[in-house]
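[1] just the structure for this:
(4 chains)
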Protein chains: 4
Amino acid sequence: MNHRFACEVYYEDTDLSGFVYHANYLKFIERARSAWVAGLGVNQNAMREAGLVFAVRRIEADFLAPARLGDALEVQTEVASQTAARMVLAQSVMKDGVALFDAQVTLVAMGTGGRPVRLPEALRGALDAGQA
Amino acid sequence: MNHRFACEVYYEDTDLSGFVYHANYLKFIERARSAWVAGLGVNQNAMREAGLVFAVRRIEADFLAPARLGDALEVQTEVASQTAARMVLAQSVMKDGVALFDAQVTLVAMGTGGRPVRLPEALRGALDAGQA
Amino acid sequence: MNHRFACEVYYEDTDLSGFVYHANYLKFIERARSAWVAGLGVNQNAMREAGLVFAVRRIEADFLAPARLGDALEVQTEVASQTAARMVLAQSVMKDGVALFDAQVTLVAMGTGGRPVRLPEALRGALDAGQA
Amino acid sequence: MNHRFACEVYYEDTDLSGFVYHANYLKFIERARSAWVAGLGVNQNAMREAGLVFAVRRIEADFLAPARLGDALEVQTEVASQTAARMVLAQSVMKDGVALFDAQVTLVAMGTGGRPVRLPEALRGALDAGQA
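    This is a model prediction of the structure:
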């Protein structure tokens, strides 16, 4: 099951190659994750006030084809696997049904001082319920 | 009197025009301000733990000539005026002695919740002593 | 008359103050300008292939109140004044009807090598017709 | 053999977690690659005018420990493997001798229109000579 998130390419995203600067695909998929967890009822501001943030632990990313200024992109997100403490997402940046960028992103929740903790209850619940 | 800060242009700073993306000059001059206040003994991590951050209140910026990938830039910073609560800096981004970007930046210190407070003692002391 | 553009705050936009990093408001209003000129029929990719880009010549910006992660912002854009060669826009970043950021942005069109040229016909026509 | 590149953490690099925003490590290692190829005599501006840019094809990245504002980082770069058309670099972001971030980065050279081409002669020569 797939979460879908729309994302347009602006000047700020490009570099002098004329294409999107490679690191910015990581921003696009992070926006999609934020929209996705917000949709599951996880408030990242409240998390942070409780001393908790999501942290990316590992990314495997393939840059398949370049995106350009003005492109209307779609980020597709699904849960590849998860445990109480970590979750692996498969995320793709699509244009007109073609993947420009694929990534496997391993996420953990991290408490004050950088120590990993269990993922938020709401998120685990939502995952168990197959909402992602 | 002038604080000088070296700064190189990387791919991330450019956009598809082939030049530096305009908003990134604000990053360059902010790096220079951080280096400058660090040199005056102000630790921004300690400030933040004490519930205090610097905030930009106003910027007037002239974009005079474009910078390119690989350019070796120098940011020059001086205090134009100051009171207990705010400080106006004149900052220029130079290349080979020519200004590419000029800005007047008004800074305040801001406490938890967004309320302005007096500038850090160390900074005001340093300014009074003409170290900037 | 006002162009309106929706924009959300993501993790990438924030800094350790917990608020939006100041330079990123310039990105938000640039996205709005891109959406606005696209709506007027100006294709910035085609412009660039014709050796022409928009360049920001001057910005006066007031940072009035901080935006936070997850905020739903609206950028409002209107033409304050214009000549054949340059155009001044008044742009505001609003949250719930309150301005967090105000800017006056002077734009020119720039040819290969950095020389200013006349603004694109479509854009001037649209402006004359009061479409902005 | 190791190329070493110094890199400091500024406000722009952090997010509201108080640490460096994860995508920015990709910027840090890209700066290091640019410095490295420049040191080998490869001029990326000249490359681009000749219709050629480096493109990242794949990244495997491990985020091991967070970096903070003001941290003095060192990026270490070495060639893990290479062919005429692609090169795999091992890059680490170090702080006080400890790796905060490790990545394997696959690079290709890309011609106008997005087609891969052979890596620049100077770069292949330098690699053969064991200068990296």
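
[2] tell me how many other residues crowd residue A:2.
    As a burial measure, residue A:2 scores 10 neighbours (other C-beta atoms under 10 Å in any protein chain shown). C-beta: built from backbone N, CA, C; applies to glycine.

[3] ugh, wrong one, residue A:45
    The number of residues near residue A:45, taken as other C-beta under 10 Å, comes to 13.

[4] I'd guess it is in a helix, am I close?
    Yes: Residue A:45 sits within a helix when classified using DSSP: H, G, I helix; E, B strand; the rest coil.

[5] next, the closest residue in space to it that isn't next to it in sequence: phi, psi?
    Of all residues beyond its chain neighbours, the one nearest residue A:45 is residue C:69 (5.6 Å), with distances taken as C-beta to C-beta, 6 or more residues apart in numbering or on different chains. Phi and psi for residue C:69, reported as degrees, to the nearest 10, are phi -50, psi 130.

[6] residue C:69 reaches residue C:11, doesn't it?
    Yes: at 6.5 Å, residue C:69 counts as touching residue C:11 under the criterion of C-beta atoms under 8 Å.

[7] what do the two both touch?
    By the contact definition C-beta atoms under 8 Å, 6 or more residues apart in numbering or on different chains, residue C:69 and residue C:11 are jointly contacted by A:44, D:16.

[8] other SSEs contacting the longest helix anywhere in chain A?
    Secondary structure of chain A per DSSP state H: the longest helix is helix A:24-39. On a contact count with 3 or more C-beta pairs under 8 Å, 6 or more residues apart in numbering or on different chains; DSSP states H and E, helix A:24-39 meets strand A:3-8, helix A:44-49, strand A:52-63, strand A:72-82, strand A:86-95, strand A:98-111.

[9] quick one: stretch A:78-90 near chain D?
    No: remark: stretch A:78-90 sits outside contact range of chain D, by C-beta under 8 Å from any C-beta of the partner chain, the gap being at least 12.3 Å.

[10] buried sites along that stretch?
    By neighbour count on 16 or more other C-beta atoms under 10 Å in any protein chain shown, the buried set for stretch A:78-90 is A:79, A:82, A:86-89.

[11] is chain C within reach of it?
    No: applying C-beta under 8 Å from any C-beta, one finds stretch A:78-90 separated from chain C by no less than 15.1 Å.

[12] show the end-to-end separation of that stretch, please.
    5 Å (C-alpha to C-alpha, to the nearest Å).

[13] which non-adjacent residue is nearest the residue located most distally from the centre of chain A?
    Using C-alpha atoms, centre = their mean, the residue of chain A lying farthest from its centre is residue A:16. It sits 25.6 Å away. Spatial nearest neighbour of residue A:16, chain neighbours left out: residue B:14 (4.1 Å); criterion: C-beta to C-beta, 6+ apart.

[14] quick check: beta-bridge partners of that neighbour?
    Note on residue B:14: beta-bridge partners by DSSP bridges are residue B:20.

[15] now residue A:54
    Residues in beta-bridge contact with residue A:54 (DSSP bridges): residue A:109.

[16] tell me the contacts of it?
    Contacts of residue A:54 by C-beta under 8 Å, 6+ apart are A:33, A:37, A:44, A:47, A:107-110.

[17] let me see the mean pLDDT of stretch A:2-9.
    The average pLDDT within stretch A:2-9 is 96.

[18] right, I mislabeled it, should have said stretch A:103-120
    86.

[19] other residues contacting that stretch?
    For stretch A:103-120, the external contacting residues (C-beta under 8 Å, 6+ apart) are A:25-26, A:29, A:33, A:42, A:47, A:51-62, A:80, A:82, A:84-92, A:124, D:17, D:19, D:65-66.

[20] that stretch: end-to-end distance?
    Note: stretch A:103-120 ends 23 Å apart using C-alpha to C-alpha.

[21] what comes up buried for it?
    Buried-residue list, stretch A:103-120, by 16+ other C-beta under 10 Å: A:103-110, A:119-120.

[22] nearest to residue B:5, of those residues?
    Using C-beta to C-beta, residue A:110 is the member of the buried residues of stretch A:103-120 that lies nearest residue B:5, at 32.6 Å.

[23] I'd say residue A:24 and residue D:23 touch.
    Yes: using C-beta under 8 Å, residue A:24 makes contact with residue D:23 at a distance of 7.4 Å.

[24] could you give the separation of the longest helix of chain A from the chain centroid?
    4 Å (C-alpha atoms, centre = their mean, to the nearest Å).

[25] stretch A:16-26 now?
    With C-alpha atoms, centre = their mean, you get 17 Å for stretch A:16-26.

[26] can I get that stretch as CSV, trimmed to CA atoms?
    Only the C-alpha atoms of stretch A:16-26 are listed here, as CSV (Å, rounded to 0.1, in the frame of the first residue of the first chain):
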residue,chain,number,x,y,z
LEU,A,16,24.2,24.3,-12.6
SER,A,17,23.8,20.9,-14.3
GLY,A,18,20.3,22.2,-15.1
PHE,A,19,18.8,19.3,-13.1
VAL,A,20,17.8,18.7,-9.5
TYR,A,21,20.8,18.7,-7.1
HIS,A,22,21.2,15.1,-6.0
ALA,A,23,20.9,15.7,-2.3
ASN,A,24,17.5,17.4,-2.7
TYR,A,25,15.8,14.1,-3.5
LEU,A,26,16.4,13.3,0.1
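
[27] got a list of contacts for it?
    With C-beta under 8 Å, 6+ apart as the test, stretch A:16-26 has contacts from A:9, A:13-15, A:59, A:61, A:63, A:66-68, A:93, A:100-101, A:103, B:11-12, B:14-19, B:69, C:48, D:22-24, D:26-27, D:30, D:48, D:53, D:55-56, D:59, D:110, D:114.

[28] now those: which count as buried?
    Buried members of these, scored by 16+ other C-beta under 10 Å, are A:9, A:13-15, A:59, A:61, A:63, A:66-67, A:93, A:100-101, A:103, B:11-12, B:14-19, B:69, C:48, D:22-24, D:26-27, D:30, D:48, D:53, D:55-56, D:59, D:110.

[29] ok, back up a step: could you dump the helices and strands packed on helix A:24-39 into a markdown table with distance to residue B:5 added?
    Shown next, in a markdown table, are the helices and strands packed on helix A:24-39 (distance: least, C-beta to C-beta, whole Å):
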| stretch | distance to residue B:5 |
| --- | --- |
| strand A:3-8 | 34 |
| helix A:44-49 | 31 |
| strand A:52-63 | 31 |
| strand A:72-82 | 36 |
| strand A:86-95 | 36 |
| strand A:98-111 | 33 |
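
[30] those: which one's closest to residue B:73?
    strand A:52-63 (28.9 Å).

[31] just how off-centre is that closest one within its chain?
    Using C-alpha atoms, centre = their mean, the offset of strand A:52-63 from its chain centre is 8 Å.

[32] angle of that strand against strand A:86-95?
    Put simply, strand A:52-63 runs at 50 degrees to strand A:86-95, going by axes from the mean of the first three to the mean of the last three C-alpha atoms, to 10 degrees.

[33] next, the angle strand A:98-111 makes with strand A:52-63.
    150 degrees.

[34] rounded mean pLDDT for strand A:52-63, please.
    Mean pLDDT, computed over strand A:52-63, is 94.

[35] tell me the angle it makes with helix D:24-39.
    Relative orientation of strand A:52-63 and helix D:24-39, computed by the same axes, to 10 degrees: 40 degrees.

[36] quickly note the distance from residue A:14 to residue B:19.
    12 Å (C-beta to C-beta, to the nearest Å).

[37] just residue A:36 next, same as before
    For residue A:36, the distance to residue B:19 - C-beta to C-beta - is 36 Å.

[38] kindly report the same for residue A:92.
    Distance, residue A:92 to residue B:19, using C-beta to C-beta: 32 Å.

[39] what bridges to residue A:87?
    Assigned bridge partners for residue A:87, using DSSP bridges, are residue A:82, residue A:107.
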